[in-house]
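Q: heads up, no residue letters with this:
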């Protein structure tokens, strides 16, 4: 039975109660403890820096050439916090409610409340680190709104908030590297997790430049490797983002929770070619002042500026008047898809909708819009050649964030003792849909505030046990298995590229397990993915050798995991016979096309055990003591 380890007591007191009762390690003992952190984004860098500051010996691994290049840099719009500078009715409770409702009541109350509770001190933390948040004329930090809320709680640094937060985290990490408390291993990828006597004790890695495979031992392992939406191939994620580390942990016994809960972001640049390798995200913050519309007449080929107001359908404002263009991401993406499928799409491939700043510029002036979003407009013009101050942007839904991930308890520990998952790679706070600007928040809070206060509860006892070293048989077995897998891929010598198979997987996943799903499509997808896996291992061609920088080998190793993960995503989506958040089963919708939840049968977190590929479902029943689930309406 899954034990979420939620502390007793009133919701508002659970975190303070936990901290008061958890075990501690004194500073002298921390020097005897080693911790591995895999990943160096906001969650990983925050965790490694803070653990290093506490005196632990930390090894931090990233596949980039510098921790500064982690994908957190790409988050643009902002970070949420319930500080209520605007005096518009915000509070910790309101933020808790918005997040729980935004996730369609498919997340754990205690974790969500903690997220809201720790949001305010996080802004103070980053301000003290020098993050240049936007300010009002009088010097007070300013805010804007994101989807799914009716208050302004998003703190931002123009359109590069993730970059600024990551630079702050990187500076703290660099300080600990110089102090000798953290050792960085860039250009190094985790291949496997080493589990001894049921506990996480180390990892197997591959140096991406030399191909050297090595063993690393630690008292605990922390995964901070981000999301897995590159399973769709075309996504807003960087090309290197992958799910291999968490998939390796899953195969070693870590349960995978709600893998089908993946978010399709409503504001990305539309696909323009079959040969395209990724999609570009335009920040959701643009929906504060931009209005989304399509031509009322299907197939209307006039230029956007030639279409008069009476011929424009501001469909989000029409369908969801209370939230309008700031409707949650899942609803906004599905609404865009409806318009595109009905023939109202715009652009060369008719696969986009308009995001128009005409009225905002008339109301506020072009200089105000430049101040708020200038770098985003520059990026848009650089990519498309279009000046969005003079004509509307074209945007389209794209695969983005993973709400699913490794199942973790209140302490952020997985089902493998000693293995923790922080940030986007865990299933923790977002339920079936993440509200905008909560990703930077969760990653930062997990790394800076939560993990350093929970990991000691495990280490206090674990450091008393006799620790294995890298000569242990299990380390040797894992390194041999990883080496054999690489040799097998290189020896296939087929006729089709890794990119070919990734493209095929992406088509299956986008068609059957993206914005909408149905039973027949999911059953077909599972069969197709199994066939694709069989063909991949017979006919893929991976050029080069292991003992060199070999990007084709890297892609092949990651794709082999994506194929298996894609199957589990479809299995999970098929099993959940309801619609909730980003999981929209076409069989379960209202007469108006809205999602219909089934709280009686599916009010739980699905946690899957690998079981040699014959996935076994475990349930964490969700108990709502303080907020009773209601119909999720944004009208």
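A: Nice, thanks for sending it over. None of these values were measured; they are calculated from a predicted model.
Q: Show me what the biggest helix by length in the chain is packed against.
A: For the chain, the longest helix by residue count, based on DSSP state H, is helix 551-575. For helix 551-575, the elements it packs on are strand 188-196, helix 244-251, helix 473-492, helix 498-512, helix 519-539, strand 604-609, judged by 3 or more CB pairs under 8 Å, 6 or more residues apart in numbering; DSSP states H and E. Yep, even glycine has a C-beta here, placed from its N, CA and C like the rest.
Q: buried set for whichever helix or strand comes after that helix?
A: Downstream of helix 551-575, the next assigned helix or strand under DSSP states H and E is helix 599-602. In terms of neighbour count (16 or more other CB atoms under 10 Å), helix 599-602 has its buried residues at 599, 602.
Q: gap between stretch 411-420 and the chain center?
A: 19 Å (CA atoms, centre = their mean, to the nearest Å).
Q: measure it end to end?
A: 8 Å (CA to CA, to the nearest Å).
Q: Pull out the buried residues from it.
A: 411-416, 418-420.
Q: now swap in stretch 379-386 and tell me
A: For stretch 379-386, by 16+ other CB under 10 Å, it's 379-380, 384.
Q: Check what contacts it and list those residues.
A: Here stretch 379-386 makes contact (CB atoms under 8 Å, 6 or more residues apart in numbering) with 159, 269, 280, 282, 387-388, 393-394.
Q: Swap in 10 Å and give it another go.
A: The list of residues contacting stretch 379-386 from outside it, by CB atoms under 10 Å, 6 or more residues apart in numbering, reads 76, 159-160, 269-270, 272, 280-283, 286, 347, 355, 373, 377, 387-389, 392-395.
Q: do stretch 476-491 as well
A: For stretch 476-491, contacts defined as CB under 10 Å, 6+ apart pick out 190-196, 202-206, 211, 213-215, 248, 252, 470, 472, 498, 536-537, 540-546, 550, 552-553, 556-557, 559-560.
Q: follow-up on the earlier one: comparing the helices and strands packed on helix 551-575, which stretch has the densest surroundings?
A: helix 244-251 (a mean of 25; mean count of other CB atoms under 10 Å).
Q: Now the element after that helix, going C-ward?
A: That would be, after helix 244-251 and using DSSP H and E, strand 256-257.
Q: and the angle from the helix or strand following that next one to helix 551-575?
A: The helix or strand immediately downstream of strand 256-257 is strand 262-268, counting by DSSP H and E. Per axes from the mean of the first three to the mean of the last three CA atoms, to 10 degrees, the angle that strand 262-268 makes with helix 551-575 is 110 degrees.
Q: Now do strand 262-268: which elements does it pack against?
A: helix 329-339, strand 353-356, strand 393-402 (3 or more CB pairs under 10 Å, 6 or more residues apart in numbering; DSSP states H and E).
Q: I'd like the mean pLDDT over the longest one, please.
A: Taken as a whole, helix 329-339 has a mean pLDDT of 95.
Q: I'd like to check which residues are in contact with the residue lying closest to residue 183 once chain neighbours are set aside.
A: Nearest residue to residue 183, sequence neighbours excluded (CB to CB, 6 or more residues apart in numbering): residue 59, at 5.3 Å. Each residue near residue 59 by CB under 10 Å, 6+ apart is listed here: 34-38, 48, 182-185, 188, 202-203, 205, 216-218, 221.
Q: Swap in 7 Å and give it another go.
A: Taking CB atoms under 7 Å, 6 or more residues apart in numbering as the criterion, residue 59 is in contact with 34, 36, 183, 185, 216, 218.
Q: which residues of this protein score low on pLDDT?
A: Scanning the chain for pLDDT under 70 picks out no residues.
Q: one step back: relative to residue 365, which of the helices and strands packed on helix 551-575 is closest?
A: helix 498-512 (40.0 Å; CB to CB).
Q: Please enumerate residues in contact with the closest one?
A: 231-234, 521-522, 524-525, 528-529, 532, 536, 540, 542, 552, 555-556, 559, 562-563, 566, 570.
Q: Try it again at 6 Å.
A: The contact list for helix 498-512 (CB atoms under 6 Å, 6 or more residues apart in numbering) reads 231-234, 521-522, 525, 528, 532, 536, 552, 555-556, 559, 563, 566.
Q: what does stretch 4-18 give?
A: Outside stretch 4-18, the residues touching it (CB under 6 Å, 6+ apart) are 110, 113-114, 409-411, 626.
Q: Spell out which two among those are the most distant pair, please.
A: Farthest pair in those, by CB to CB: 411 and 626, 20.9 Å.
Q: follow-up on the earlier one: so the residue nearest to residue 183, which state does it fall into?
A: Per DSSP: H, G, I helix; E, B strand; the rest coil, the secondary structure class of residue 59 is strand.
Q: and it, bridged to which residues?
A: With DSSP bridges as the criterion, residue 59 is bridged to residue 36, residue 183.
Q: what kind of secondary structure is residue 73 in?
A: State at residue 73, reduced to three classes by three-state DSSP: helix.
Q: tell me the contacts of it?
A: Applying CB under 6 Å, 6+ apart, the residues near residue 73 are 162-163, 166.
Q: measure it to residue 405 for me?
A: As judged by CB to CB, to the nearest Å, residue 73 and residue 405 stand 20 Å apart.
Q: before we move on, what about residue 414?
A: Applying CB to CB, the value for residue 414 to residue 405 is 10 Å.
Q: what ranges do the helices span in the stretch 101-250 of the chain?
A: 109-117, 119-128, 161-179, 244-251 (DSSP state H, counting those that start in this stretch).
Q: Output the contacting helices and strands for the shortest one.
A: Read that as helix 244-251. The contact analysis (3 or more CB pairs under 6 Å, 6 or more residues apart in numbering; DSSP states H and E) places helix 244-251 against strand 188-196, helix 551-575.
Q: what does the longest one contact?
A: It refers to helix 551-575. Under CB under 6 Å, 6+ apart, the answer for helix 551-575 is 231, 242-244, 247, 259-260, 489, 498, 502, 505, 509, 513, 517, 522, 525-526, 529, 533, 542-543, 606, 615.
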